[in-house]
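Engineer: Return a 3D structure for these sequence lines:
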Amino acid sequence: MNLEELMTQARAALMDRQEPYLWGDEALAGYFNEAVQEACERAKLIEDSTTEAVCRIEAVPGQAEYALHASVLEVDRITFNGRLLHETSIEAMDRQTTAWEAREGQPAQFVYEAPTGAAKPRVRLVPAPALPGVIRLRVYRGALKPLSADVSAGKPEIAERFHVKLIDWVCRCAYMRPDPDGYDPGKAQMHEGLFERNFGVRPDANVQRKRRDKRPRLVRMGGSW
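Structural biologist: Numbering: from 1, shown residues only. Next comes the predicted model:
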């Protein structure tokens with residue numbers, strides 16, 4: 001479904017069919033963008049291993065940390081020059097060995113650092129590469145092209161079977177707007193519950209970090225990484 005069709009259905013759900021609309025096109029387009037992002041964060045709807053700007057990084061000798069594309073929500077798989085790297089965490093590395101951040105060699109593991117505030121997500125190779133190479137990623141990400149009220153033919157960047165289910169989040173946002181004619185927290189909560197039923201609960205960053213920290217540790221062979 002394109003944005004024009006989705007906005008028509010959203011207005012029907014909001015009982016806002018007559019102009020002047022209570023919620024304008026720009027507001028609804030913004031709510032749909034928020035809905036797509038929420039759906040992607042909750043249900044990992046966009047898996048990507050081919051978009052060069054997102055999934056390919058040139059590694060520099062001695063540099064361990066690399067910023068990822070802002071759309072990345074989770075890293076599923078990383079290779080360095082074709083060699084699979086295993087995920088670990090800063091906490092696990094601190095328990096295993098000292099001065100690991102200063103080491104260079106053939107990367108064998110990686111640490112994913114989720115975005116905080118305005119900072120982009122990052123990966124740290126362990127150890128830092130001693131030679132140049134190519135990092136390839138398979139990630140779950142959000143949309144790259146936001147919907148715009150000026151381009152009504154645009155479509156959400158997720159599978160079409162999920163498009164109509166975005167309307168519940170749009171209604172949730174619309175009813176939460178502080179407006180004397182539209183504000184209705186009860187209806188907002190109802191639509192948020194329906195959205196959650198379709199896409200799941202919002203992931204907790206601390207829970208995800210703890211899960212990564214509990215993964216089995218790699219055993220060092222020959223006293224080196």
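Engineer: How much space separates the closest residue to residue 4 other than its chain neighbours from residue 8?
Structural biologist: Nearest residue to residue 4, sequence neighbours excluded (Cβ to Cβ, 6 or more residues apart in numbering): residue 152, at 3.8 Å. Heads up, the C-betas are built off the backbone N, CA and C, glycines and all. Distance, residue 152 to residue 8, using Cβ to Cβ, to the nearest Å: 10 Å.
Engineer: Please identify which of those two sits among more neighbours.
Structural biologist: Neighbour tally, residue 152 and residue 8, criterion other Cβ atoms under 10 Å: the higher count belongs to residue 152, 15 against 12.
Engineer: I'd assumed the more buried one was in a helix, is it?
Structural biologist: No: checked against DSSP: H, G, I helix; E, B strand; the rest coil, residue 152 lies outside a helix; its state is coil.
Engineer: ok, it - contacts?
Structural biologist: 2-4, 7 (Cβ atoms under 8 Å, 6 or more residues apart in numbering).
Engineer: could you flag which of the residues you listed are buried?
Structural biologist: 3, 7 (16 or more other Cβ atoms under 10 Å).
Engineer: just the contacts of residue 152 now: which is nearest residue 123?
Structural biologist: Among the contacts of residue 152, residue 3 lies closest to residue 123 (Cβ to Cβ), at 33.7 Å.
Engineer: quick one: low-confidence ranges for the protein?
Structural biologist: For the chain, applying pLDDT under 70 flags the ranges 205-225.
Engineer: if we go to 80?
Structural biologist: By pLDDT under 80, the weakly predicted segments of the chain are 116-118, 204-225.
Engineer: so where do the strands sit in it?
Structural biologist: In the chain, the strands defined using DSSP state E lie at 47-48, 56-59, 65-67, 72-80, 83-88, 104-105, 109-113, 122-126, 128-129, 133-141.
Engineer: Now residue 80. Nearest residue, chain neighbours left out?
Structural biologist: Once flanking residues are discounted, residue 80 sits nearest to residue 107: 4.6 Å by Cβ to Cβ, 6+ apart.
Engineer: That neighbour reaches residue 123, doesn't it?
Structural biologist: No: the pair residue 107 and residue 123 fails to qualify as a contact (Cβ atoms under 8 Å) at a distance of 10.1 Å.
Engineer: Now do the helices in the chain.
Structural biologist: Along the chain, the segments classed as helices by DSSP state H run 3-14, 25-43, 52-55, 90-96, 167-176, 185-199, 205-213.
Engineer: tell me the most buried of those helices?
Structural biologist: The highest average neighbour count among these, using mean count of other Cβ atoms under 10 Å, belongs to helix 167-176 at a mean of 23.
Engineer: List of residues touching that one?
Structural biologist: Applying Cβ under 8 Å, 6+ apart, the set of residues contacting helix 167-176 is 6, 9-10, 13-14, 23, 27-28, 31-32, 34-35, 38-39, 182-185, 187-189, 191-192, 194-195, 198.
Engineer: Identify the residues contacting the one residue sitting closest to the centre of the chain.
Structural biologist: Per Cα atoms, centre = their mean, the C-alpha nearest to the average position across the chain is that of residue 73, at 2.5 Å. Neighbouring residues of residue 73 by Cβ under 8 Å, 6+ apart: 40-41, 44, 121, 139-142.
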